[in-house]
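**Q** Okay, predicted coordinates and the sequence, questions at the end:
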Amino acid sequence: MTIRRVRFYIYLKDVLVLSLTAFGGPQVFLAMVIDIMVRKRGYLSEKDLIELNALCLILPGPTSTQTISAIGFRIGGPTLAYLSLLVWIFPATTLMIGTAFLIDYLQANTEGALGFAKFIQPMAIGFILYAAQITIKKMIHTVEAAILMMIAAFVAFFYNSPFIFPIMLFIGGLITTHNYNKQPVIEEKSKINISWRNFILWAAVLVAAAVLGHYTRLLPVRLFENFYRNGSLIFGGGQVLVPYLYTEFVEFKNYLSSEEFLTGYAISQSIPGPTFSISSYIGALSMREWGVTGLVTGGLIAAAGIFLPGTFLIFFVIRFWDGLKKYRPVRAALEGINAVSCGMLIAAAYLLFEPLENNLFNIIAIIGTYALLQFTKIPSPLIIVMGLAAGISYQWILKAFG
């Protein structure tokens, strides 16, 4: 085995370790990547990694997945990048498809099947509120951005069509481009040489999926298009993905109930790897009527749809990003895009709370979860396990003494 192949093998092994141990969201993920891939292995410098991660943050798609793929691309080109993508998403995707199997089985064979999730359904909203706070703190720095955020939240409250989201993102970016004079000037702009291959690939798959879905009306094709479109439009990470998926698959298409969605989202917070893996759970349950084959197929189609566009786009942009980021209108537009994403995240908390009973129990569960995340160092997975244990105990007590 050559030295090059040994290096690739070690890199993929490191990616697998991350996929099995990266609990705690993007901040913990980045710290682990610095520790393993910068300090331990020396695949790239810390400065290069921070810049690479920043690029992934401002592109649509799953940031952690794009970062892993981009590092693989730098080390070994497209082949290693795609292999690292598969290794990174496999454990979380498998776990979330397994969760869909469990939920489907319980729904079919157990009365009050989701009783065990009584606590974690409102807890999921506490997670979203905490994520909204963190995201807003990082992304909203001006009065104009705050106003855009509130307008986007208002629009998302009353217009739940998934087709309104990309329009709002575009308008938000367009509005803030006029602020480019406030961006620091970066001298020595060089001519940007763009290779359009990966962009054309991304666009061709998007158009082909939309056309095939429209004319064939086959559920697997339409599911792939739905997730591929969402994966092409999500700015701000897995938290921002939630309102898109909820609106499209719960309110618009009724593939899942609100309780099923909240249960899956809460459980996705307790597993390692990419937060976008909730898509596999949603895709699996969307095809449950096809039996076991449908559950597996739906989960895999959703994973392919949600992760591929971000990978195509990072391969496209990474080649000319160093030149593009020097242009102030590009950086100014990101302010509006991020503000709209934050507005959608605020709307998500309301939209997910609306179907729940408006009672003291649910409010306490939401506030309690937020407080644990904000004021303690209890890991997210442990909080979810505590909620599951409380729900199971509650169900058992009801059966025993009811």
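**A** The structure has been received and is ready for your questions.
**Q** Please enumerate the helices of the stretch 51-200 of the chain.
**A** Taking DSSP state H, counting those that start in this stretch as the test, the helices found in the stretch 51-200 of the chain are 63-109, 120-139, 143-158, 164-176, 197-216.
**Q** among these, which is nearest residue 230?
**A** helix 164-176 (8.7 Å; C-beta to C-beta). Backbone N, C-alpha and C define where each C-beta goes, glycine included.
**Q** Redo the helices of the stretch 51-200 of the chain as CSV? Include distance to residue 358 and mean neighbour count.
**A** Shown next, in CSV, are those (distance: least, C-beta to C-beta, whole Å; neighbours: other C-beta atoms under 10 Å):
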stretch, distance to residue 358, mean neighbour count
helix 63-109, 24, 21
helix 120-139, 11, 22
helix 143-158, 16, 18
helix 164-176, 26, 19
helix 197-216, 37, 15
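**Q** between whatever helix or strand residue 13 lives in and helix 63-109, how many degrees?
**A** Residue 13 belongs to helix 3-21 when assigned by DSSP states H and E. Interaxial angle, helix 3-21 versus helix 63-109 (axes from the mean of the first three to the mean of the last three C-alpha atoms, to 10 degrees): 50 degrees.
**Q** Okay, buried residues for helix 3-21 please.
**A** 8, 11, 12, 14, 15, 18, 19 (16 or more other C-beta atoms under 10 Å).
**Q** out of these, who's nearest residue 144?
**A** Among the buried residues of helix 3-21, residue 18 lies closest to residue 144 (C-beta to C-beta), at 37.5 Å.
**Q** For residue 280, find the nearest of the helices of the stretch 51-200 of the chain.
**A** Smallest distance to residue 280 across the helices of the stretch 51-200 of the chain (C-beta to C-beta): 4.3 Å, for helix 63-109.
**Q** Are there helices or strands packed against the closest one, and which ones?
**A** Contact partners of helix 63-109 among helices and strands, from 3 or more C-beta pairs under 8 Å, 6 or more residues apart in numbering; DSSP states H and E: helix 3-21, helix 26-33, helix 46-58, helix 258-268, helix 278-286, helix 291-317.
**Q** winner for burial among these?
**A** helix 278-286 (a mean of 30; mean count of other C-beta atoms under 10 Å).
**Q** tell me which strands and helices that helix is in contact with?
**A** helix 63-109, helix 219-233, helix 238-245, helix 258-268, helix 291-317.
**Q** change it to 7 Å
**A** With contacts defined as 3 or more C-beta pairs under 7 Å, 6 or more residues apart in numbering; DSSP states H and E, the packing partners of helix 278-286 are helix 63-109, helix 219-233, helix 258-268, helix 291-317.
**Q** Format those helices as a markdown table; extra columns: mean pLDDT and distance to residue 53.
**A** Formatted as a markdown table, the helices and strands packed on helix 278-286 follow (pLDDT from 0 to 100; distance: least, C-beta to C-beta, whole Å):
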| stretch | mean pLDDT | distance to residue 53 |
| --- | --- | --- |
| helix 63-109 | 88 | 5 |
| helix 219-233 | 92 | 18 |
| helix 258-268 | 86 | 22 |
| helix 291-317 | 91 | 11 |
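**Q** Minimum distance to residue 365: which of these has it?
**A** The nearest among the helices and strands packed on helix 278-286, by C-beta to C-beta, is helix 258-268 at 10.6 Å.
**Q** Report the distance from that closest one to the chain centre.
**A** 14 Å (C-alpha atoms, centre = their mean, to the nearest Å).
**Q** other SSEs contacting it?
**A** helix 63-109, helix 120-139, helix 278-286, helix 380-401.
**Q** now the angle from the first one to helix 197-216?
**A** Right, helix 63-109. Calculated by the same axes, to 10 degrees, helix 63-109 forms an angle of 20 degrees with helix 197-216.
**Q** still on that earlier bit, distance to residue 56 added to the helices and strands packed on helix 258-268, as CSV?
**A** Output for the helices and strands packed on helix 258-268, formatted as CSV (distance: least, C-beta to C-beta, whole Å):
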stretch, distance to residue 56
helix 63-109, 4
helix 120-139, 14
helix 278-286, 18
helix 380-401, 22
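**Q** Among those, single out whichever gets nearest to residue 272.
**A** By C-beta to C-beta (comparing all of the helices and strands packed on helix 258-268), the closest turns out to be helix 63-109, at 6.7 Å.
**Q** Outline the domain layout of the protein.
**A** Per automatic domain parsing, the structural domains of the chain span 3-84, 97-110+128-353.
**Q** Any chance of a markdown table for those domains, columns distance to residue 366?
**A** Conversion of these to a markdown table gives the following (distance: least, C-beta to C-beta, whole Å):
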| stretch | distance to residue 366 |
| --- | --- |
| domain 3-84 | 19 |
| domain 97-110+128-353 | 7 |
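**Q** sorry, back to before: for the buried residues of helix 3-21, point out the one with the lowest pLDDT.
**A** Minimum pLDDT for those is recorded at residue 8 (83).
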